[in-house]
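**Student:** Any chance you could fold what I've pasted below:
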Amino acid sequence: MGSIFSSIGRGINAIISAIANVIMTIVSAITTVIVTIFDVIFDILCCRCFGSRRSGMRTGRHRRRTTF
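**Tutor:** Numbering: from 1, shown residues only. Predicted coordinates:
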């Protein structure tokens, strides 16, 4: 009789563990998406704030020096 209850307990434990793993995977995926969205937003903001001064240096443009 004890082995029957033991096997039922192990089955319930396995089901709860599987549900917990699925919930953890979903939470991890949602967290990854949220972090990625904020990362993209901050990249866009940084490009707007600092991009105008450095854009010429990144593209390889140089100021023309005029000699008289």
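
**Student:** Could you list the low-confidence segments of this structure?
**Tutor:** With pLDDT under 70 as the threshold, the chain has low-confidence stretches at 51-68.

**Student:** can you pull out the helices in this protein?
**Tutor:** For the chain, the helices defined by DSSP state H cover 2-59.

**Student:** Could you check how far the spatially most central residue of the chain is from residue 23?
**Tutor:** The C-alpha lying nearest the average C-alpha coordinate of the chain belongs to residue 32 (Cα atoms, centre = their mean; 3.1 Å). Distance of residue 32 to residue 23, given as Cβ to Cβ, to the nearest Å: 15 Å. The C-beta positions use only the backbone N, C-alpha and C, and glycine is treated the same way.

**Student:** Could you report the neighbour count for residue 36?
**Tutor:** Burial measure for residue 36: 10 neighbouring residues, criterion other Cβ atoms under 10 Å.

**Student:** Same question for residue 40.
**Tutor:** In terms of burial, residue 40 registers 10 neighbours under the definition other Cβ under 10 Å.

**Student:** Check the one 3 residues further on too.
**Tutor:** A count of neighbours around residue 43, defined by other Cβ under 10 Å, yields 10.

**Student:** just the one 3 residues further on next, same as before
**Tutor:** By the criterion of other Cβ under 10 Å, residue 46 has 10 neighbours.

**Student:** Identify all contacting residues around stretch 16-24.
**Tutor:** Residues from elsewhere that reach stretch 16-24 (Cβ atoms under 8 Å, 6 or more residues apart in numbering): none.

**Student:** Relative to residue 25, how far out is the residue nearest to the centre of the chain?
**Tutor:** Going from residue 32 to residue 25 by Cβ to Cβ gives 11 Å.

**Student:** swap in residue 33?
**Tutor:** To residue 25, residue 33 is 13 Å away according to Cβ to Cβ.

**Student:** do the same with residue 40
**Tutor:** Distance, residue 40 to residue 25, by Cβ to Cβ: 23 Å.

**Student:** No more questions from me, cheers.
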